[in-house]
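J.: no FASTA, just this:
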């Protein structure tokens with residue numbers, strides 16, 4: 001089992017220099033992409049998605065505004081984005097504010113894991129290497145476990161008679 005002390009070291013060793021948490025800040029990525037107008041072959045979008053991933057690194061990530069995420073989701077280009085690049089587009093085109101990032105991040109990690117050795121939006125950047133960054137970001141979030149208070153109370157109430165009988169004997 002990996003300890004939290006080993007994971008950051010592993011991340012540094014396995015992460016190529018061009019996907020480094022020390023990359024440009026999220027706002028620099030967004031500012032560079034905002035200036036682009038024509039993107040028929042998706043080159044600018046792919047560069048933007050890679051820049052966001054690098055800027056987010058293994059920390060809490062980049063929080064885009066709704067308008068920025070919508071621009072990614074609605075970007076028009078004639079090239080078809082295949083997985084895992086399409087996964088990157090779907091993820092960064094989602095509402096990632098606060099804990100709303102949990103489910104898109106889990107789906108993104110699963111997509112990158114399934115893609116394995118396929119190239120991401122940038123040739124030479126493998127999904128298997130890139131998955132380390134969002135996996136580390138997921139660890140920094142407080143995602144709900146899916147157990148509601150109602151379900152927890154119902155479970156306690158269901159077992160309460162058995163617990164009381166065990167102690168009252």
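T.: Sure thing, it's come through. If you're wondering where the values come from, they're calculated on a predicted model, not measured in any experiment.

J.: So residue 143: helix, strand or coil?
T.: Secondary structure, DSSP: H, G, I helix; E, B strand; the rest coil: residue 143 is coil.

J.: For stretch 42-59, list every residue counted as buried.
T.: Residues 42, 44-58 are the ones in stretch 42-59 that count as buried (16 or more other C-beta atoms under 10 Å). Glycine gets a C-beta too; all of them are placed from N, C-alpha and C.

J.: Which of the residues you listed fall in helices?
T.: 44-56 (DSSP state H).

J.: Could you find the closest non-adjacent residue to residue 46?
T.: When the adjacent residues along the chain are set aside, residue 46 lies closest to residue 121, with 3.8 Å between them (C-beta to C-beta, 6 or more residues apart in numbering).

J.: Name all residues that make contact with the one you found.
T.: The contact partners of residue 121, by C-beta atoms under 8 Å, 6 or more residues apart in numbering, come to 45-47, 49-50, 81, 85, 88-89.

J.: hang on, it in a strand?
T.: No - counting by three-state DSSP, residue 121 is not part of a strand but coil.

J.: re the thing from before, same list, the contacts of residue 121, but as TSV with pLDDT and distance to residue 95 please.
T.: Below are the contacts of residue 121 laid out as TSV (pLDDT from 0 to 100; distance: C-beta to C-beta, whole Å):
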residue	pLDDT	distance to residue 95
45	95	19
46	94	22
47	93	23
49	94	16
50	92	21
81	89	20
85	94	20
88	95	16
89	95	14
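
J.: All good on my end, thank you.
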